[in-house]
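*Asks:* from the sequence below, what's the structure:
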Amino acid sequence: MGRFARSLMSNVSGVSVSVSGLWPGRADRLIIAPHDLRTSDATRAAEIYAGRFVFAGKIVTCHGRSIFDLEPPSEDWEVALLGFGWLRHLRAADTALTRANARALVDDWITNQIGRHPLSRRADVLARRVISLLSQAPLVLADSDGKFYRRYLRGLTREIRYLRYSTIDIPDGAPRLQVLIALCYAALCLANQAKHIRSATRKLSDELQRQILPDGGHVSRNPGALIELLIDLLPLRQTFAARNIAPPPALLNAIDRMMPMLRFFRHGDGNMALFNGMGGTPSDLLATLLAYDDTHGTPMASMPHSGFQRLDAGPMTVIVDTGAPPPPHLSHEAHAGCLAFEMSSGPCRIVINCGMPSTGRDNWRAFARSTVAHSTLTYHNTSSCTFVEMSAMKRLLHGAPIVSGPTRVENFREVVPDGTVLSTSHNGYAAKFGLVHRRVLVAAEDGSRLDGEDTVTPAQGARLRGGGSDYALRFHLHPAVKASRLSDGRGAMLVLPNREVWTFETFDDRVDLEDSVFLAGNDGPRRTTQLVVRQDAQQAPSIRWSFVRSSASPTETNGRRNARREPELPL
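*Replies:* I've put the predicted structure just below:
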């Protein structure tokens, strides 16, 4: 068996069955099964055999009933169940018992359940199920007889037919790509599908060229979309090769562009930066994907098409959102985090955004997408983007897209003798409050400090509006960072897990330590701290601040302010 695509077992691969309704009059059979790159856990096979299905932080026990007849505890749980990705855990155990268990569960679905679950027809769920049934065919069909094989193939082709019909009304973005990827797999894995291979390949190529930007980012601006798409695109590339069909150039080019983008978003601890819907980093998937990155190069500094900048200086990394929100139809997961940044030193993250939880998103979605959940400036406690809020519109649009936000985001990058200067601005508050937010970041060449200045200025031809004209800077800290205020109240000492000490200071502004929440943890939301600096735009339109790595111990640093001259920031 090949690494990415395997011929089905000889006791079933020779069976042909006429499949009506999808490809009338054609005799088709499964001839290949794509490889599933997702990590499997053989210990979970025992849970499934015992009737315990653990998905999305919820446990459902069958007690002898069909798992498909039970009320799902959450939508996330139901999506995981109906996507059939859990079959890979049964395959990892690779025993006669788990093969029989897999066969019984799949038989229950294709015989009794198809069409009974509204969510099962959702395009992305259906696409995931088709890919799972194709990739796990060696498990399900092992030890089976011809009758089951025919039922399996009839059920599979029925699912593919539904999937083809779903292309009429697929949400734009990653779900559309996932459907087209699944249809490509279906055409490649079944015999006598030359016409469908050509059609599916053409449609996928067109969509990849539209959705994968020239710098490798996805049009949604969500780093997590890259992981979810690459985990299917890499085996698809190999499935083409296993069928002796040249992969389409658009597929090869998309993969070549996306892989460096993964490295761009990574911090020193291996986790991805939290922008636009990114939750906890699936470290196992990321490690698998990066093993296929032949370049292993230093991440690029600028991603102009996606709208992100990266400052690498010594052990320090700063990743900045310098892009406008995606179009409304692609913005269901996008955040109001323009000019927000994340910062890490070596293996320790320091400044973060709150991120999005992997489960229970509905409870946190509105907060996680707001500007206050990001390490940037908030004016009048208002987000720089406006989201659809009416419940009726949310139901109609299947979410809450962004309807207004920054339309002009500028950034200028310059290498200076002692480091790198990044000057940015956005007009997300111009329409409502008549102002522009400008942020300048200066990263020292040796990575020992990051200086910044945030300014609110009247937009061209406007004056500041909003009553008290108050604004706040927020720097959300990673929960592993221990923060304590300096004695003068204008800074804080930050102790990292590796005992490295950093000092956050402002030029002449009070710094408060307030509660925050880290939503992207693998073990659920965690309490953390944020540094908050508040000012009145009419009295003090700018705030200067710095993060400085200290050579002193935590005891020596606490209670004193570093004696130093404030650096001049370029305007």
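*Asks:* quickly find the element holding Leu97.
*Replies:* Following DSSP states H and E, the helix or strand that holds Leu97 is helix 96-108.
*Asks:* can you give me how far that helix is from the chain middle?
*Replies:* 32 Å (C-alpha atoms, centre = their mean, to the nearest Å).
*Asks:* now for that helix, which elements pack on it?
*Replies:* helix 43-49, helix 87-93, helix 137-141, helix 146-166 (3 or more C-beta pairs under 8 Å, 6 or more residues apart in numbering; DSSP states H and E). C-beta here means a position set from N, CA and C on the backbone, and glycine is covered the same way.
*Asks:* can you give the contact residues for whatever helix or strand comes next after that helix?
*Replies:* Using DSSP H and E, the helix or strand that follows helix 96-108 towards the C-terminus is helix 123-135. Here helix 123-135 makes contact (C-beta atoms under 8 Å, 6 or more residues apart in numbering) with 30, 33-36, 79, 82-85, 87-88, 106, 119-120, 140, 156, 159-160, 162-163, 166-167, 169-171, 174-176, 178-179, 181-182, 185-186, 189, 232, 235.
*Asks:* could you turn the buried ones of those into a PyMOL selection?
*Replies:* Only the buried members of the contacts of helix 123-135 end up in this PyMOL selection, burial being decided by 16 or more other C-beta atoms under 10 Å:
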select buried, resi 30+33+34+35+36+79+82+83+84+85+87+88+106+120+140+156+159+160+162+163+166+170+171+174+175+176+178+179+181+182+185+186+189+232+235
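*Asks:* the stretch 201-350 of the chain: strands as residue ranges?
*Replies:* 302-303, 308-313, 316-321, 341-345, 348-352 (DSSP state E, counting those that start in this stretch).
*Asks:* any idea how far the following helix or strand past the last one is from the chain center?
*Replies:* Once the chain leaves strand 348-352, the next helix or strand it forms, by DSSP H and E, is helix 361-369. Taking C-alpha atoms, centre = their mean, the mean C-alpha location of helix 361-369 is offset from the chain mean by 15 Å.
*Asks:* return the alpha-carbon coordinates of helix 361-369 using CSV.
*Replies:* Backbone C-alpha positions of helix 361-369 (Å, rounded to 0.1, in the frame of the first residue of the first chain) are rendered in CSV as follows:
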residue,chain,number,x,y,z
ARG,A,361,-18.0,29.1,20.1
ASP,A,362,-21.6,30.6,20.2
ASN,A,363,-21.0,31.5,23.9
TRP,A,364,-17.9,33.6,23.1
ARG,A,365,-18.2,34.5,19.4
ALA,A,366,-19.5,38.1,19.9
PHE,A,367,-16.8,38.9,22.4
ALA,A,368,-14.0,37.1,20.6
ARG,A,369,-14.7,39.1,17.4
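*Asks:* quick one: average pLDDT of it?
*Replies:* Helix 361-369 comes out with an average pLDDT of 85.
*Asks:* just stretch 418-426 next, same as before
*Replies:* Per-residue pLDDT over stretch 418-426 has a mean of 95.
*Asks:* Glu453 belongs to a strand?
*Replies:* Yes: counting by DSSP: H, G, I helix; E, B strand; the rest coil, Glu453 is found in a strand.
*Asks:* how far away is it from Arg485?
*Replies:* For Glu453, the distance to Arg485 equals 22 Å [C-beta to C-beta, to the nearest Å].
*Asks:* with Ser384 instead?
*Replies:* Taken as C-beta to C-beta, the spacing of Ser384 relative to Arg485 amounts to 28 Å.
*Asks:* residues contacting the helix holding Leu97, please?
*Replies:* If you take C-beta under 8 Å, 6+ apart as the criterion, helix 96-108 is touched by 45, 48-49, 66-68, 84, 87, 90-91, 133, 136, 139-144, 148, 151-152, 155.
*Asks:* who are the neighbours in contact with Ala443?
*Replies:* Under the criterion of C-beta under 8 Å, 6+ apart, the contact partners of Ala443 comprise Leu311, Ala313, Met316, Val318, Gly419, Thr420, Leu422, Arg449, Leu450.
*Asks:* mind saving the C-alpha coords of the helix or strand containing it as CSV?
*Replies:* Under the criterion DSSP H and E, the helix or strand holding Ala443 is strand 435-444. Presented in CSV, the C-alpha positions along strand 435-444 are these (Å, rounded to 0.1, in the frame of the first residue of the first chain):
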residue,chain,number,x,y,z
LEU,A,435,-10.8,59.7,13.6
VAL,A,436,-7.9,57.6,12.3
HIS,A,437,-5.8,55.2,14.5
ARG,A,438,-2.1,55.3,13.8
ARG,A,439,0.3,52.8,15.3
VAL,A,440,4.1,52.9,15.0
LEU,A,441,6.2,49.8,16.1
VAL,A,442,10.0,49.8,16.4
ALA,A,443,11.6,46.4,17.0
ALA,A,444,15.2,46.5,18.2
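*Asks:* give me the angle between that strand and strand 308-313.
*Replies:* Between strand 435-444 and strand 308-313, the angle comes out at 30 degrees (axes from the mean of the first three to the mean of the last three C-alpha atoms, to 10 degrees).
*Asks:* given strand 435-444, what are its sheet partners and their directions?
*Replies:* According to DSSP bridges, the neighbouring strands of strand 435-444, each with its direction, are strand 419-426 (antiparallel), strand 449-458 (antiparallel).
*Asks:* the residue nearest to Gly491 when sequence neighbours are not counted in helix, strand or coil?
*Replies:* The shortest distance from Gly491 to any non-neighbouring residue, by C-beta to C-beta, 6 or more residues apart in numbering, is to Glu505 (3.6 Å). Remark: Glu505 carries the secondary structure label strand [criterion: three-state DSSP].
*Asks:* bridging residues for Glu505?
*Replies:* Assigned bridge partners for Glu505, using DSSP bridges, are Gly491, Ser546.
*Asks:* can you count the residues close to it?
*Replies:* Counted with other C-beta atoms under 10 Å, residues neighbouring Glu505 total 23.
*Asks:* buried deepest among the helices and strands packed on helix 96-108, which one?
*Replies:* Each of the helices and strands packed on helix 96-108 was scored by mean neighbour count; the highest is helix 137-141, a mean of 24, by mean count of other C-beta atoms under 10 Å.
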